[in-house]
Each structure stands twice: as structure tokens, then as C-alpha cells.
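> Need a 3D model of the sequence below.
(one chain, ligands or ions: 1)
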Amino acid sequence: MGHILFALLLAVAAVLLVAGGRLRERYPIAVWYCTGYPRTALRILWHWREVARHTDLAVSPSPARTLIADVIVTGRPLRPVAPRISFPKPTRTGVSLLVRLHPGQTPELYKAAVEALAHAWRVHAVRVTSPDRGFVLLTATAVDPLQHPGRAHAKPALLSALVGILEAGGAWVLDFRTVPHWMIVGATQSGKSTLLARLVTQLAPQHVALVGIDCKGGMELGLFESRLSALATSRREAAAALGALVIELQERMLVCREAGVRSIWQLPEKLRPVPIVVIVDELAELYLHDGTRESKAEAEQCSVYLLRIAQLGAVLGLHLVVAGQRIGSELGSGVTALRAQLSGRICHAVNDPGTAEMTLGDLAKDAVAAAQSITAEEKGVAICLGADGGWSRARSHLTTIDQAREITAKHFHLTPVLPGVHRALLMADGDGAS
Ligand SMILES: Nc1ncnc2c1ncn2[C@@H]1O[C@H](COP(=O)(O)OP(=O)(O)OP(=O)(O)O)[C@@H](O)[C@H]1O
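Below is the predicted model:
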């Protein structure tokens, strides 16, 4: 069946090759199926044995030492055997094929060879997954789909935000019900604030309280103040707001205990408190202090409160989104523990390899190289690591400041009141003024 389809596509390819580039611009997917795919599939099949040999994926069926008459001969056998592959299947953006592993091989070997495979097949990138024991699935993307991404669509659901498009063409959704806390990392001008703006505009129409912590004087999150239940713009205010959120956490625990449930989602709707998403822009501003006793104490308080929310918040409807250029142990002792609790990871272009390693390395080793290869010009492109430990390259939908401001202002009447946090902020302001 695959072969008949392939022959048909070859015939159409001949016609389309003559018709030229204008069709490619108007119907990129159709042209890919008809011309790009057959060429790539032929290239894969034609060169597979040679490519497998050069990338050490082919193995010798006989030992490297053998006995010929009375002489032991050592050396590489002449014809190593390439692993068996399925017929390359077309996808909307590339091809995929299944490889049967030789005994003793692991998917890691194939992950190490992806760059060579991408060059040999002349595609943008190759990804390796292992859907079944003994097999790997090689998925090649023909051209970078994030260069000119379309708009993705997804059904809106409570506490989920459609923030962009995935490399494979699907919707890039941050779902707090499945991944409660997120960490967003990237060099300056890589796209962190744009992603946060998109996130806020997606959560704004929902029954969700948003708390902003922006110690850069509120320059970023201040734009959405009308839809924020609270905004802390200094470390003093941040410590007060986070402290009040920890008290909120304890009150919710009590409500759950009295009702005999283990999560606010098991409470009857009328008893269920509103979910809260706490957004921290530039974590370093919370942790770095000037050495005075007061600023040290504030930084430590923030660290303890954030960790407590991260540890207990998931089932109590308190969620964290923490953004920064680096979220490493050099900021303070509590950062490593906090990072361990933030299972959703997003890594934009970074300045040094260590930052990508720190952001993704503990959960997905092979995502680190992909993050390191994002260039400074690829604004909004990021590696996203979600619930299943799988990762994907993705690009946020560009949300301009004006759009974000307009959307949040439109939904300001939905802003839930958090009296405890409000009071704590007023008191912190009063203390600061006196
Ligand atoms: N998804 C995107 N598509 C196109 N352009 C984008 C995208 N994301 C960000 N940009 C552009 O990149 C620039 C920097 O984005 P942004 O301000 O979000 O970066 P940042 O990481 O928050 O920087 P900083 O740390 O300096 O605040 C902006 O001009 C923005 O328009």
C-alpha cells in the first residue's frame, strides 16, 4: 500500500517540479507531500546502509577476531549490517520511520547520531523516541516550522493556556492541572516576558486569581495590573504577599481536612476556593540582597515561602510560574530545592551551556543540546518540557504589549479579591513608608 502511494506521489512530484516555486508558497504542505517527501524518502532508503555505518549504528554480525586456517585475523569486518528500518512515512512536516534496534543497542546511540542523520537526509532536524522496547522512531522535520509559525488552536480549559505552537504543528499548551509549576528561563531579549504576557492574556478570561511579583519595579507585570489580584513590585512587598499566600495555603488545607478530601478539586464547587497562579518575573531580584540584615532576611523569607508554595500548592490550587535569566544555586541555598519542584521547564536561547543544562539537564539530557542550539535571533523559540518527561521545540505566539493590555483590561471585572494578600501588601507599604 505504501509503495503504491509512493509511486503515485512520484508521478505528481514530476508535474509539480515543473510548476515551480509559486505553488510551494501557496500550498507548502501539499508540495511537501508531492515533491519533498518522495525525494527525502528515496534519500533515506538509498543511503541508509552507508549512513548507519558512518554513524556507528550498523554492527558487525561476526566477531572482530576470527580464525582462518591456523591464523587469528583481527580487524573490522567489511560489511557491518545496518539496523532494519520501516518504509519512511510522510507527516505534515517531514517523515518518520521505525528502526529495529540491534541487540545491545539503546536509543541513546541514535540520539547521538541525530545531527549526522539530519545532514545526510537534508532535513531541519531529527528526533528520536522509543515507542516500544527494541525500537526507535526517527521523526525528521523537513524545514524549521517555527520560522513562520501559523496560529495553533486548542479548546480553552480551566487553568490551561495556549501559549504558542509546537514544532510538530500542534498547540503549545501550559496546563497547570497536569503540570502545577513552571520555570521559564532565557537570556535577555529571548522572549520570556512575551511568553508571560501571552500566559496572562490566556488566563485572564478564566476564573483564576493572578498574583504578580515583579521586583523590576513592576515594569513588565504592571501592564496587566487591572487583571491582577495583587502585584508586588519590591522584595518587601513580595515577602509580604508570599507570606499571605502561605497562610492561604494553610487555610485551604484546613478546609480540605474538614471535608475529608485531599485536593481542592474534590471539594464541592461552592466550597472550592479560586485557583491562584503566582507569576514571578526575574527570580534573581527576590534572592539577591545587598548584605544588610533586613534584605537578607527578606530574601530568605521569599525563598522559604516560594518553596512551601511549590511543595504544597499543587493540590491546593496554588501554582507558580517563575521566570529568570538563570535559576541556579548561585542565587541562594533554596533555589536548587525550588527548581526540583518546578517540573514544567521552558528554556529559551541562553548565554551559556550551563544554563541550559541547569534548566533541562536533570529531567531530559537530550533536550539540553537542542536548547543550546537556539540562536539569539530565534525570539520566542524555546524547548518545553512537560508532564510526560517528553520535550518539544516550540514558539510562543507573539503578544504585543497593547494586545495584552487590552485583553487584561477587558477582563478586569473577573479579578478575584484575595483579602489576605491585599492586606499584607498594604501593611508592607505602610512599614516601608514609616
Ligand atoms: N514569539 C515571538 N515571536 C516574535 N518575536 C518575539 C517573540 N517573543 C519575543 N519576541 C520579540 O523579542 C523581543 C524580546 O522579547 P522579550 O521582551 O519577551 O524578551 P525577554 O526575555 O523578556 O527580555 P528581558 O529579559 O530583557 O526582559 C521583543 O522585541 C519581542 O517582540
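> Residue ranges in the stretch 1-150 of the chain under the pLDDT threshold?
Across the stretch 1-150 of the chain, the ranges flagged by pLDDT under 70 are 1-3, 5-6, 9-26, 62-78, 148-150.
> what residues does the helix or strand hosting residue 421 touch?
Here residue 421, judged by DSSP states H and E, is contained in helix 419-433. Contacts with helix 419-433, where a contact means C-beta atoms under 8 Å, 6 or more residues apart in numbering, come from 211, 229-230, 232, 234, 236-237, 239-241, 243-245, 247-248. Any C-beta I mention is one placed from the backbone N, CA and C, and that applies to glycine too.
> What strands line up against whatever helix or strand residue 183 lives in, and which way round?
Using DSSP H and E, residue 183 sits in strand 182-185. Sheet pairing for strand 182-185, assigned by DSSP bridges, gives strand 318-324 (parallel), strand 344-347 (parallel).
> Please tell me how far the residue of the stretch 301-434 of the chain found nearest the ligand sits from residue 288.
Residue nearest to the ligand within the stretch 301-434 of the chain (C-beta to the nearest ligand atom): residue 380, separated by 2.1 Å. According to C-beta to C-beta, to the nearest Å, residue 380 and residue 288 sit 27 Å apart.
> Please tell me I have it right and residue 417 contacts residue 228.
No - applying C-beta atoms under 8 Å as the test, residue 417 and residue 228 come out as separate, 11.5 Å apart.
> quick revisit: now a ChimeraX select for only the buried ones of the contacts of helix 419-433.
Selecting only the buried entries of the contacts of helix 419-433 in ChimeraX, with 16 or more other C-beta atoms under 10 Å as the criterion:
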select :211,229,230,232,234,236,237,239,240,241,243,244,245,248
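> and the contacts of helix 419-433, which of them are in strands?
If you go by DSSP state E, the contacts of helix 419-433 have 211, 230, 232 in strands.
> Out of these, flag the one nearest to the ligand.
Distance to the ligand, by C-beta to the nearest ligand atom, is smallest for residue 232 among the ones in strands among the contacts of helix 419-433, at 17.8 Å.
> does the closest one really touch residue 221, like I thought?
No - assessed by C-beta under 8 Å, residue 232 is found out of contact with residue 221, at 9.2 Å.
> Please identify every residue contacting each of these two.
212, 213, 214.
> and which of those is nearest to the ligand?
The ligand lies nearest to residue 214 out of those, by C-beta to the nearest ligand atom, at 10.6 Å.
> where's that closest one relative to residue 308, distance?
In terms of C-beta to C-beta, residue 214 sits 21 Å off from residue 308.
> repeat for residue 324
For residue 324, the distance to residue 308 equals 19 Å [C-beta to C-beta].
> Tell me which of those two has more neighbours.
A direct count of neighbours by other C-beta atoms under 10 Å for residue 324 and residue 308 places residue 324 higher, at 23 against 18.
> So the more buried one sits against residue 187, correct?
No - using C-beta under 8 Å, residue 324 makes no contact with residue 187, being 10.7 Å away.
> how about the CA coordinates for stretch 253-266, as CSV?
C-alpha atoms of stretch 253-266 as CSV (Å, rounded to 0.1, in the frame of the first residue of the first chain):
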residue,chain,number,x,y,z
MET,A,253,-5.5,22.6,53.9
LEU,A,254,-7.9,23.0,56.8
VAL,A,255,-10.9,23.2,54.5
CYS,A,256,-9.8,20.0,52.7
ARG,A,257,-9.1,18.2,56.0
GLU,A,258,-12.6,19.1,57.4
ALA,A,259,-14.2,18.0,54.2
GLY,A,260,-12.2,14.8,54.2
VAL,A,261,-10.6,15.3,50.8
ARG,A,262,-7.1,15.5,49.6
SER,A,263,-7.4,18.3,47.0
ILE,A,264,-9.5,21.4,46.4
TRP,A,265,-10.7,19.7,43.2
GLN,A,266,-12.5,17.1,45.2
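> How about residues contacting that stretch?
By C-beta under 8 Å, 6+ apart, the surrounding residues in contact with stretch 253-266 are 177, 252, 267, 268, 271, 272, 273, 275, 312, 315, 316, 317.
> List the contacts of the fifth one.
The contact partners of residue 271, taken as C-beta under 8 Å, 6+ apart, are 255, 259.
> again, but for the second one
Counting by C-beta under 8 Å, 6+ apart, residue 252 makes contact with 264, 273, 316, 317, 318.
> same check, this time on the fourth one
The contact partners of residue 268, by C-beta under 8 Å, 6+ apart, come to residue 259.
> For this structure, what lies in contact range of the ligand?
With C-beta under 6 Å from any ligand atom as the criterion, the chain meets the ligand at residues 186, 188-194, 379-380, 395-396, 398.
> Now list the buried members of the residues you listed.
For these, a burial check counting by 16+ other C-beta under 10 Å picks out 186, 190, 191, 192, 193, 194, 379, 380, 395, 396.
> roughly how far apart are the fourth one and residue 379?
With distances taken as C-beta to C-beta, residue 192 is found 11 Å from residue 379.
> Likewise for the third one?
Note on residue 191: its distance to residue 379, by C-beta to C-beta, is 5 Å.
> what sits in contact with each of these two?
Counting by C-beta under 8 Å, 6+ apart, residue 191 and residue 379 have no shared contacts at all.
> could you list every residue that touches the residue nearest to the spatial centre of the chain?
Centrality entry for the chain: nearest residue to the mean C-alpha point is residue 384, 1.0 Å, by C-alpha atoms, centre = their mean. Counting by C-beta under 8 Å, 6+ apart, residue 384 touches 166, 172, 344, 345, 346, 391, 392, 393, 394.
> for it, which residues make a bridge with it?
Residue 384 forms beta bridges with residue 346, residue 392, as assigned by DSSP bridges.
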